[in-house]
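Engineer: Let's see this in three dimensions:
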Amino acid sequence: MNTFGQQVRDRRLQEKLSQEELAQKVEISRNYLSQIERGQATNLSWQVREKLSAILGLKQEPEPE
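Structural biologist: Purely as a prediction, here's the structure:
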């Protein structure tokens, strides 16, 4: 599992949000959120990453080059 996906999952559970609730806030499907959490979503857009980080209060880390 990738680091960002793990952070999203851990923080979502801390906030007691279901995948469905968080997906609605971010305006993505629950299935896509599940893929992100498992590290299976490839080519994650910066907009989705930014929304997830803002809603969950995660710190943005630069993308590896």
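Engineer: Can you tell me the number of residues neighbouring Thr42?
Structural biologist: For Thr42, the number of neighbouring residues by other CB atoms under 10 Å comes to 6. Quick note: C-beta positions are derived from backbone N, CA and C, even for glycine.
Engineer: and it, what is it in contact with?
Structural biologist: With contacts taken as CB atoms under 8 Å, 6 or more residues apart in numbering, Thr42 has no neighbouring residues.
Engineer: same thing but 10 Å
Structural biologist: Contacts here follow CB atoms under 10 Å, 6 or more residues apart in numbering; on that basis Thr42 touches Gln35.
Engineer: now it: how far from Ile28?
Structural biologist: Spatial separation of Thr42 from Ile28 under the definition CB to CB, to the nearest Å is 15 Å.
Engineer: what's the answer for Gln35, then?
Structural biologist: Summarising the geometry, the distance separating Gln35 from Ile28, computed by CB to CB, is 10 Å.
Engineer: got any residues that touch both of these two?
Structural biologist: What both Gln35 and Ile28 touch, as defined by CB under 10 Å, 6+ apart, is the set Ala41.
Engineer: which one of those two has more residues nearby?
Structural biologist: Counted by other CB under 10 Å, Gln35 and Ile28 do not tie: Ile28 has more neighbours, with 19 against 16.
Engineer: so which strand or helix has the residue nearest to that one when sequence neighbours are not counted?
Structural biologist: Nearest residue to Ile28, sequence neighbours excluded (CB to CB, 6 or more residues apart in numbering): Val48, at 6.2 Å. Here Val48 sits within helix 46-56, counting by DSSP states H and E.
Engineer: Would you mark the buried spots in that helix?
Structural biologist: Within helix 46-56, the residues scored as buried using 16 or more other CB atoms under 10 Å are 48-49, 51-53, 55-56.
Engineer: same thing with stretch 8-19?
Structural biologist: In stretch 8-19, counting by 16+ other CB under 10 Å, buried: 8-9, 11-12, 17, 19.
Engineer: I'm done for today, thanks for sticking with me.
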